[in-house]
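J.: How does the following fold in three dimensions:
(chains A and B)
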Amino acid sequence: MCLAIPMRIVAIDGFLARCEARGVEREVSLFLMQETDLAPGDHVMVHVGYAIQKISEADAAEAWALYDEMLETLDGEAGAPRA
Amino acid sequence: MPRRSAQAWLDALHALPPPPRFRIMNVCGGHERAISRAGLRSLMPAGIELIPGPGCPVCVCPEEDIHQAIQLALHEEVILVAFGDMLRVPVNVPRSRPRSLEAARAAGADVRPIASPRDALRMARAEPDREVVFFAAGFETTMAPVAAMVLEGLPNNLSLLLSGRRTWPAVAMLLETGETAFDALVAPGHVSAVMGPEEWDFVATDHGLPVAVAGFESASLLAAFHAVLRQRSAGAARRENTYPEVVRPGGNPGARRCLETAFEIVDGNWRGIGTIPESGYALRPAFAAHDARRRFPEHAAPDRRRAGEMPAGCDCARVVLGRIYPDQCRLYGRACQPRHPVGPCMVSDEGACRIWWSSGVRQTEVANAEKTPSTL
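T.: From the prediction side, this is the model:
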């Protein structure tokens, strides 16, 4: 439920950002990040379509290694991961 | 500071003086999944037990709320949307009637799984002539996005059936009632990313137990186990944070402000457990027009609170409380499997039973009284 994945911000338009991870682009809300400075190129943890925290590029890369593992697990089951 | 590897943390853990018995509880399905998947239990020094506690918002979602969602879907011209793993959670009604949202859908109701509150917004905007009800369960991490959705402005045809819960009051209840015995807590990473790690200080300051906020990699979890065991060895208790890359002091103040603006804190009923003070969310009066409970009052069924325990024979409540391990339930792997779940803990991806089953635990260790977590 509380799974969050790291994504890179590609572009920002108001409270919405286009974010990318592993070649997949998603629209992500930045509404919860109003007290944080964000710019294209920054990385954020995304939970159910909303950025919940800013992280460094190095930490994003590390988190992705874990997420790949979890995706493998979840792919074998009925539930889909929530990004 | 370079981070230590999982192996280095494991070595450090084994280098500490071994305790006679040290029970570490987690309250996060993501933690339990990471622990089970990596097989961390079998790598622990003798005496250390890892107990899954109340870490699954779907598992504790009140039966009367699910019942209400099913009735809404069946009897009103609504589109009922909910996070996917809510759809298969059973309620206690005769088999002749729809026992889950999925069964309601099979009976013709318009029930749709969503992955984001933004999906609910999209659906409401796409079909302005239809009522959309978003049945929203979740802990703080998920309720913050729901709050954001509310504050950004809801279309008139979108209402919320809120079943969100806060995690720390459940831990406080366990500690205050002595309901479950544990010696240390690993606190949830993404709840803390939103709310701040300070929410867990009370475990150390009020109850004298070691507590560490952890992330979801083995290294972070092992670092947290090491932190709480080291505190125990030193005879001290404080709150540590082994997930600093995401969990900052104060959490995410913008997200906390959204939660405070959209919701008020109310007492919350936890399925099979009962009411826990200040553990629930309700829409503030300014947003009452979007409260599905007000919009469709005829489907509230307060009398269900008595009927609404866990299904008969199901030990989910004791699993959620960390009083027994999943495979100590008599139904685990027998009557209750992911393909035909009896209780919510076998339905949700965050449920301890489902996680243990997915990790390959079958019925091998049932009813071993010696390993019951709450045995003193």
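
J.: and the single nearest residue of chain A relative to chain B, what does it touch?
T.: Here chain A gets closest to chain B at one residue, A:Gly49, 3.3 Å apart by CB to the nearest CB. C-betas here are computed from N, CA, C, even on glycine. Shown in contact with A:Gly49 (CB atoms under 8 Å, 6 or more residues apart in numbering or on different chains): A:Arg26, A:Glu27, A:Val28, A:Ser29, A:Ala83, B:Ala115, B:Ser116, B:Pro117, B:Arg118, B:Asp119, B:Pro145.

J.: Let's have those in JSON lines, adding pLDDT and neighbour count.
T.: Listed next are these as JSON lines, based on pLDDT from 0 to 100; neighbours: other CB atoms under 10 Å in any protein chain shown:
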{"residue": "A:Arg26", "pLDDT": "95", "neighbour count": "17"}
{"residue": "A:Glu27", "pLDDT": "96", "neighbour count": "12"}
{"residue": "A:Val28", "pLDDT": "98", "neighbour count": "27"}
{"residue": "A:Ser29", "pLDDT": "98", "neighbour count": "23"}
{"residue": "A:Ala83", "pLDDT": "41", "neighbour count": "19"}
{"residue": "B:Ala115", "pLDDT": "95", "neighbour count": "14"}
{"residue": "B:Ser116", "pLDDT": "97", "neighbour count": "23"}
{"residue": "B:Pro117", "pLDDT": "97", "neighbour count": "28"}
{"residue": "B:Arg118", "pLDDT": "97", "neighbour count": "21"}
{"residue": "B:Asp119", "pLDDT": "97", "neighbour count": "17"}
{"residue": "B:Pro145", "pLDDT": "98", "neighbour count": "27"}
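
J.: Quick check: A:Pro40 touching A:Val10?
T.: Yes - assessed by CB atoms under 8 Å, A:Pro40 is found in contact with A:Val10 at 6.0 Å.

J.: Show me what counts as buried in the longest strand belonging to chain A.
T.: Of all segments of type strand in chain A, defined using DSSP state E, the longest is strand A:5-13. Using 16 or more other CB atoms under 10 Å in any protein chain shown as the test for burial, strand A:5-13 gives A:Ile5, A:Pro6, A:Met7, A:Arg8, A:Ile9, A:Ile12.

J.: can you redo those as TSV with distance to chain B?
T.: Output for the buried residues of strand A:5-13, formatted as TSV (distance: CB to the nearest CB, whole Å):
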residue	distance to chain B
A:Ile5	11
A:Pro6	9
A:Met7	13
A:Arg8	16
A:Ile9	16
A:Ile12	15
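
J.: Work out for me the element A:Thr51 sits within.
T.: Quick fix: residue A:51 reads Ala, not Thr. Using DSSP states H and E, A:Ala51 falls within strand A:50-55.

J.: Can you tell me what sits against that strand?
T.: Contact with strand A:50-55 is made by A:4, A:6-7, A:17, A:19, A:28-33, A:36, A:38, A:42-46, A:63, B:116-118, B:141, B:144-145, B:148, B:190, B:193-194, B:245-246, B:248, B:252, B:255, as judged by CB under 8 Å, 6+ apart.

J.: Burial check on B:Glu264, number of neighbours?
T.: Neighbours of B:Glu264 under the rule other CB atoms under 10 Å in any protein chain shown: 11.

J.: What is the longest strand of chain A packed up against?
T.: Applying 3 or more CB pairs under 8 Å, 6 or more residues apart in numbering or on different chains; DSSP states H and E, we find strand A:5-13 packed against strand A:16-21, strand A:24-29, strand A:43-47, helix A:57-75.

J.: Counting neighbours, which bits of the shortest one end up buried?
T.: When you say that, I think you mean strand A:43-47. Buried residues in strand A:43-47, counted by 16+ other CB under 10 Å: A:His43, A:Val44, A:Met45, A:Val46, A:His47.

J.: if we look at chain B, which of those are close to it?
T.: Contacts with chain B within the buried residues of strand A:43-47, counted by CB under 8 Å from any CB of the partner chain: A:Met45, A:His47.
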